[in-house]
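Asker: Return atomic coordinates for the entry below.
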Amino acid sequence: MSNLNKLNFTTLEVSGMNYLKWVQDVKLHFTTKNLRPTIEDEMDNPDPQALWVTLADRFDHQNDIILPKAGYDWQHLRFQDFKSVNENNSKVCRIQSLLKIFNETLTEEDLLEKTYSTFFATNIVLQQQYRAQKFTKFSDLISVLLLAKSIISC
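Answerer: Residues are numbered from 1 along each chain as shown. A predicted model of the protein is given here:
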């Protein structure tokens, strides 16, 4: 986000009202950075719809790549594979965000069950103790795991 503040021009408004000015500013900015060839073909047309179609042609295939990858990552995610609770939580949140883009949601129960079921095999008793606490929110479980980890580390 800090890079957005350093731009020498205003960002494109959602309404598109400043589109033509924005295109000129982007062209000038890219020219000064010697990046003009990267946009030359696609942005020569000042028509917003034509630009939208060009962008869709270039990037719509991402759906075919990102969704299966996020599903694969979720299927193969294991709590025991991470060195820290934070690393696991970060990966879970990343996968959850990617799936949400495609209207696929992971419920709190999904998140909790994935964490419980992928504990280290040597920590079955610990897993059962956490299950017995009957957490309803994944964030609550993560908070307790982080607290437990900090107590153990001391």
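Asker: Let me see the ranges of the strands in the chain.
Answerer: Assigned by DSSP state E, the strands in the chain number zero.
Asker: What ranges does it have for its helices?
Answerer: Secondary structure of the chain by DSSP state H: the helices cover 2-5, 19-32, 40-43, 48-59, 62-75, 85-101, 108-117, 124-132, 138-153.
Asker: could the ones you listed go into a markdown table alongside mean neighbour count and distance to Thr11?
Answerer: For every residue, glycine as well, the C-beta is placed using N, CA and C. Listed next are those as a markdown table, based on neighbours: other Cβ atoms under 10 Å; distance: least, Cβ to Cβ, whole Å:
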| stretch | mean neighbour count | distance to Thr11 |
| --- | --- | --- |
| helix 2-5 | 6 | 7 |
| helix 19-32 | 14 | 7 |
| helix 40-43 | 12 | 15 |
| helix 48-59 | 12 | 15 |
| helix 62-75 | 13 | 22 |
| helix 85-101 | 16 | 21 |
| helix 108-117 | 16 | 34 |
| helix 124-132 | 12 | 45 |
| helix 138-153 | 14 | 32 |
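Asker: As CSV, these with distance to Leu12 would be great.
Answerer: As requested, the helices of the chain are arranged in CSV below (distance: least, Cβ to Cβ, whole Å):
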stretch, distance to Leu12
helix 2-5, 11
helix 19-32, 5
helix 40-43, 12
helix 48-59, 9
helix 62-75, 20
helix 85-101, 21
helix 108-117, 36
helix 124-132, 47
helix 138-153, 35
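Asker: Just give the nearest non-adjacent residue to Ile101, would you?
Answerer: Ile66 (7.4 Å; Cβ to Cβ, 6 or more residues apart in numbering).
Asker: doesn't Leu98 make contact with that neighbour?
Answerer: Yes: counting by Cβ atoms under 8 Å, Leu98 is a contact partner of Ile66 at 5.9 Å.
Asker: circling back: got CSV for the helices of the chain, with mean pLDDT too?
Answerer: Listed next are these as CSV, based on pLDDT from 0 to 100:
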stretch, mean pLDDT
helix 2-5, 50
helix 19-32, 83
helix 40-43, 61
helix 48-59, 81
helix 62-75, 89
helix 85-101, 92
helix 108-117, 93
helix 124-132, 88
helix 138-153, 82
